[in-house]
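Novice: My questions are about this predicted structure, shown below with the sequence.
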Amino acid sequence: MLDIRRLRDDPEGCRAALARRRDPAVDAAVDEALALDRRRRAALVRTEALRAERNAMSDEVARRKKAKEPADALLAELKASGDEVKALDVELRDVEAALEAIVLGLPNLPHPDAPEGDASANRVEKTWGEPRPAGSVQPHWDLGVALGVLDLPAGAKVSGSGFPVLRGQGSRLVRGLANFMLDLHTREHGYTEVSVPYLVSRATMTGTGQLPKFAEELYHVASDDLFLIPTAEVPVTNLHRDELLDAERLPLAYCAWTPCFRREAGAGGRDTRGLIRLHQFDKVELVRLVRPEASDAELEVITRHAEAVLERLELPYRRLALATGDTGFSSARTFDLEVWAPGVGGWLEVSSSSVFTDFQSRRAGLRYRPAAGAKPEFVHTLNASGLAFPRTIIALLEHHQQPDGTVRVPAALQPYLGTDRLVAGA
RNA sequence: GGCGCGGUGGCAGAGUGGUUGAAUGCAGCGGUCUUGAAAACCGCCGACGGGGCAACUCGUCCGAGGGUUCGAAUCCCUCCCGCGCCGCCA
């Protein structure tokens, strides 16, 4: 959520920053927010003046009662103005609700360093490793079946398309990747591992920005008004919701391995083959709560933590600086990590690492006290996938594929799989 | 699911329908003392939103939302959460 005062104090600056997102609806929303803000303050001044008056009279009533003096005239007057206060309150509440609805729908201000434009303006920042030629290996949807690790029809039978079943070494791979990634992040990158709920409340979803705007992307359990998490970012970032943190505790760094559930409502048919786009998948997520002045440097830190996973897995990847028009709603700046999949013949997003500045922390009430006696301020939040499993598995199957149809297991993963080779029938 | 008890400032913890935004303690900040520190003592110290150039001032907030009342942390209703016991289940 944007700071309404910032919007008020520097409307043109905010408008210019938001314009970089290339979303034509934003400008009108800003106008509406500013108009509602003016109405809100006008209504506030009126109700507060009336309240102040009534409070003073009430005090006088109390004094007279104590002194055993008559207060009937005052009481009558107070009773008369009661309805007026009530009416003003209703008006104020309506205006505030309308304002909140608008402001909750405004995206974060893009970071000045994010390239401007739509997805075509995304900038390749670096490339690591040696991509094998596209089409030089079997795509994972064939190889996975040949190896007996992938059984999509079984998943479709049990739940529907987009719910994969992995078997044997494929299932072991999920467990191994989880342990490998968690060990790397906790032992070498300093993260605290947390195990968190997969179903969360409406307030939690609102805290990280999924609600109210993206409800159609979420699985919802209506009977209890709970939502399945689309990423561990949601429960983990909300761990400290409405808390005032000690400055010495920052930065807080958490990692979590969870399944992720996404309806992918608008994605029908595109890039959905094999394991590329799923309704349920596993992911290890990294979340950091940091001091605002550290957030630029922290984005590089967390991105490197995600890149380290790919490098240990010996998978070629590139880092993309997302353009303003391609950056997510809550994010100020995002790097995507894309792994090379020679069988699919393309770069696949396996990690998205973002800095949200105070956008999430304002919604979620994540504050800290910069120094003893100082005013509380909002922390900055960041997260990065480290990594999403299915596309990592795609890249492992395709990039490490051998001419004989087996798959070499990179050294870092061998202890977790108990083998250096994926072979058919294992 | 049933019954009972709770939910108060960063934390702990008092609280009578009417100067209680809230005792007290801890933590924090400033000071006295000390070579320095500790201890002791003194003072300050909630959050959020308005108005004002400013000093300052006004309003709201005691789990959430309604209600009673001139006035609610305090009384009533609904809901949420925690704890205990019972039931159910693993």
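Specialist: Here it is on my side, so go on.

Novice: and A:R46, what element?
Specialist: Using DSSP states H and E, A:R46 sits in helix A:25-66.

Novice: tell me what the helix or strand following that helix is packed against?
Specialist: Following helix A:25-66 in sequence order, the next helix or strand is helix A:72-104 (DSSP H and E). The helices and strands touching helix A:72-104, judged by 3 or more CB pairs under 8 Å, 6 or more residues apart in numbering; DSSP states H and E, are helix A:4-9, helix A:25-66. Where C-beta positions appear, they are placed from N, C-alpha and C, glycine not excepted.

Novice: Looking at those helices, which is nearest to RNA strand B?
Specialist: The closest of the helices and strands packed on helix A:72-104 to RNA strand B is helix A:25-66. By CB to the nearest atom of the strand, the value is 3.1 Å.

Novice: Next, report how far the closest one is displaced from the centre of its chain.
Specialist: 35 Å (CA atoms, centre = their mean, to the nearest Å).

Novice: quick check, it touching RNA strand B?
Specialist: Yes. Using CB under 7 Å from any atom of the strand, a contact is recorded between helix A:25-66 and RNA strand B, made by A:41, A:44-45, A:47-49, A:51-52, A:54-59, A:61-62, A:65.

Novice: about what we covered before: what angle sits between the helix holding A:R46 and helix A:72-104?
Specialist: 160 degrees (axes from the mean of the first three to the mean of the last three CA atoms, to 10 degrees).

Novice: ok, which stretches of the stretch 101-250 of chain A are strands?
Specialist: A:123-128, A:192-193, A:199-200, A:220-221, A:226-228, A:243-246 (DSSP state E, counting those that start in this stretch).

Novice: any idea how far A:E216 is from A:T237?
Specialist: Going from A:T237 to A:E216 by CB to CB, to the nearest Å gives 21 Å.

Novice: can you list the residues of chain A near RNA strand B?
Specialist: So chain A meets RNA strand B at A:4-5, A:41, A:44-45, A:47-49, A:51-52, A:54-59, A:61-62, A:65, A:75, A:78-79, A:82, A:93, A:244, A:367, A:372-373, A:375-376 (CB under 7 Å from any atom of the strand).

Novice: of those, buried ones?
Specialist: Using 16 or more other CB atoms under 10 Å as the burial test, those include A:I4, A:T47, A:R54, A:M57, A:V61, A:L78, A:R367 as buried.

Novice: what are the phi and psi angles of A:V137?
Specialist: Backbone geometry at A:V137, expressed as degrees, to the nearest 10, gives phi -130, psi 170.

Novice: got a pLDDT number for it?
Specialist: For A:V137, the model assigns a pLDDT of 97.

Novice: How about the contacts made by it?
Specialist: Shown in contact with A:V137 (CB atoms under 8 Å, 6 or more residues apart in numbering): A:L143, A:P342, A:G343, A:E398, A:H399, A:Q401.

Novice: circling back to that earlier point, comparing A:T237 and A:E216, which shows the higher neighbour count?
Specialist: For A:T237 versus A:E216, the count of surrounding residues by other CB atoms under 10 Å is larger for A:T237: 29 against 9.

Novice: Surely that one and A:M205 touch.
Specialist: No. Look at A:T237 against A:M205 with CB atoms under 8 Å: they stay out of range, at 10.9 Å.

Novice: Just want the residue of chain A that's nearest RNA strand B.
Specialist: Counting by CB to the nearest atom of the strand, chain A gets nearest RNA strand B through A:A372, at 2.6 Å.

Novice: how about A:E349, secondary structure?
Specialist: Under the three-state scheme (DSSP: H, G, I helix; E, B strand; the rest coil), A:E349 adopts strand.

Novice: Pull the contacting residues for it.
Specialist: A:D336, A:L337, A:E338, A:A388, A:R391.

Novice: What subset of the residues you listed is buried?
Specialist: Buried among the contacts of A:E349 by 16+ other CB under 10 Å: A:D336, A:L337, A:E338, A:A388, A:R391.

Novice: These into CSV, with extra columns for secondary structure and pLDDT?
Specialist: Formatted as CSV, the buried ones among the contacts of A:E349 follow (DSSP: H, G, I helix; E, B strand; the rest coil; pLDDT from 0 to 100):
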residue, secondary structure, pLDDT
A:D336, strand, 98
A:L337, strand, 98
A:E338, strand, 98
A:A388, strand, 98
A:R391, helix, 97
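
Novice: between the residues you listed, which is nearest A:S354?
Specialist: Nearest to A:S354, judged by CB to CB, of the buried ones among the contacts of A:E349 is A:D336 at 9.4 Å.

Novice: any idea how far the nearest residue to A:A43 once chain neighbours are set aside is from A:A49?
Specialist: The shortest distance from A:A43 to any non-neighbouring residue, by CB to CB, 6 or more residues apart in numbering, is to A:L92 (4.5 Å). Going from A:L92 to A:A49 by CB to CB gives 13 Å.

Novice: ok, now A:G325?
Specialist: For A:G325, the distance to A:A49 equals 45 Å [CB to CB].

Novice: how about the helices of chain A, start to end?
Specialist: For chain A, the helices defined by DSSP state H occupy A:4-9, A:11-19, A:25-66, A:72-104, A:140-147, A:152-158, A:169-183, A:202-207, A:233-237, A:295-312, A:359-364, A:389-399, A:414-417.

Novice: which of these has the lowest average pLDDT?
Specialist: helix A:72-104 (a mean of 86).

Novice: Any buried residues in it, and which?
Specialist: Quick answer for helix A:72-104 (16+ other CB under 10 Å): A:L78, A:L88, A:L92, A:V95, A:E96, A:A98, A:L99, A:E100, A:I102, A:V103.

Novice: Contact partners for the third one?
Specialist: With contacts taken as CB under 8 Å, 6+ apart, A:L92 has the following neighbours: A:R40, A:A43, A:L44, A:T47.

Novice: quick one: contacts for the residue lying closest to the last one once chain neighbours are set aside?
Specialist: The shortest distance from A:T47 to any residue other than its chain neighbours is 4.2 Å, reached at A:L88 (CB to CB, 6+ apart). When contacts are counted by CB under 8 Å, 6+ apart, A:L88 is found next to A:A43, A:R46, A:T47, A:L50.
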